[in-house]
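Visitor: Here's my sequence, what's the structure:
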Amino acid sequence: MTDEPGRRFELECESRDPNIAAVRTCRLVAPVSAAERDDYWLAEVAPPFRGQGFGLGAHDISQVIVATRLRGESLFDSRDRPIPIYVARVTDPSVVVTKTLKPDQIKLILWGDLRPTA
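Guide: I've put the predicted structure just below:
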């Protein structure tokens, strides 16, 4: 895993809802360890996703876990095409502190694409 905390991307998620599909800034915060994968990252998104669209009421989602959708891909491959990713929300706040997770501590909410920014 290449450590590049602070790296910024444009995040565009697949959704018919224009509020969800709007392009966001995604900043990598820290790598997150998991038994089954080594490419999870804690990331901050701005503007946050509205929590109401995910059954969370007024609790907006500003921190997510991102990981590549395709095996063998990396968020850090230099390329001219978007990087297909999964976007998950953290369901257990200890993940943010420990930077480790088990599958039941996150919930997949979206698919999207990351594009590196200059």
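Visitor: Spell out, range by range, the strands that occur in the chain.
Guide: Secondary structure of the chain (DSSP state E): strands at 8-13, 24-34, 40-49, 61-68, 83-90, 100-101, 106-116.
Visitor: Adding mean neighbour count, distance to Gly55 and mean pLDDT, write those out as CSV.
Guide: Quick note: C-beta positions are derived from backbone N, CA and C, even for glycine. Listed next are the strands of the chain as CSV, based on neighbours: other Cβ atoms under 10 Å; distance: least, Cβ to Cβ, whole Å; pLDDT from 0 to 100:
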stretch, mean neighbour count, distance to Gly55, mean pLDDT
strand 8-13, 19, 17, 94
strand 24-34, 18, 20, 95
strand 40-49, 19, 12, 96
strand 61-68, 20, 11, 96
strand 83-90, 20, 10, 95
strand 100-101, 18, 21, 94
strand 106-116, 18, 10, 94
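Visitor: what residues are up against Glu12?
Guide: Applying Cβ atoms under 8 Å, 6 or more residues apart in numbering, we find Glu12 in contact with Ala21, Val23, Arg24, Pro82, Gly112, Asp113, Arg115.
Visitor: again, but for Pro5
Guide: Contacts of Pro5 were listed using Cβ under 8 Å, 6+ apart, and they are Leu28, Val29, Ala30, Pro31.
Visitor: please redo it, this time with the cut-off set to 6 Å
Guide: Neighbouring residues of Pro5 by Cβ atoms under 6 Å, 6 or more residues apart in numbering: Leu28, Ala30.
Visitor: From Leu28, how far off is it?
Guide: According to Cβ to Cβ, to the nearest Å, Pro5 stands 6 Å off from Leu28.
Visitor: Report the beta-bridge partner residues of the residue nearest the centre of the chain.
Guide: Nearest residue to the geometric centre of the chain (Cα atoms, centre = their mean): Val66, 2.8 Å. Val66 forms beta bridges with Trp41, Val87, as assigned by DSSP bridges.
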